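Trainee: This is the structure alone, sequence omitted:
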């Protein structure tokens, strides 16, 4: 089972085919801009199998508008430059908030 993290946001510029930090939330707000030739993907981690699954793919030119992806489950999310030729793809990713709620008298939290 996937271990959830505590990082809520990440940003940077890709200079090759690399991966950004993993953020944890009920979805993300994501922005990609810059002038580049390459492919950038947004992925979420399958909580059962630990595999990362592609949720969105962007190629240059990127649109600078934020994209919001919502989910009913708290997951790990990341931005990855899967193919890089040239330029400076700039990304930012912010996890959507979540809290754990403890049932009365219980020790096992549920997501809210």
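Mentor: That came in fine, so what should we check first? Because the structure is predicted, anything quoted here is derived from the model rather than measured.
Trainee: max-length strand in the chain?
Mentor: If you go by DSSP state E, the chain has its longest strand at strand 67-87.
Trainee: could you point out which element follows that one?
Mentor: strand 90-95 (DSSP states H and E).
Trainee: Can you name every helix or strand that that following strand contacts?
Mentor: Counting contacts by 3 or more CB pairs under 8 Å, 6 or more residues apart in numbering; DSSP states H and E, strand 90-95 is packed against strand 9-13, strand 23-33, strand 67-87. (Glycine included, C-beta is placed from N, CA and C.)
Trainee: So which other helices or strands are in contact with the longest one?
Mentor: It stands for strand 67-87. strand 23-33, strand 36-45, strand 52-59, strand 90-95.
Trainee: For it, what does the pLDDT average out to?
Mentor: What strand 67-87 shows for mean pLDDT is 94.
Trainee: Pull out the buried positions in it.
Mentor: Neighbour counts using 16 or more other CB atoms under 10 Å place 69, 74-81, 84, 87 of strand 67-87 among the buried residues.
Trainee: Can you pick out the most distant pair from these?
Mentor: Farthest apart among the buried residues of strand 67-87 by CB to CB are 74 and 87. That separation is 33.5 Å.
Trainee: just to revisit the earlier point, mind putting the buried residues of strand 67-87 in a markdown table, distance to residue 3 included?
Mentor: Converted to a markdown table, those look like this (distance: CB to CB, whole Å):
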| residue | distance to residue 3 |
| --- | --- |
| 69 | 21 |
| 74 | 12 |
| 75 | 11 |
| 76 | 8 |
| 77 | 14 |
| 78 | 14 |
| 79 | 19 |
| 80 | 19 |
| 81 | 24 |
| 84 | 28 |
| 87 | 34 |
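Trainee: which one of those residues sits closest to residue 47?
Mentor: Using CB to CB, the buried residues of strand 67-87 come closest to residue 47 at residue 75, 6.2 Å.
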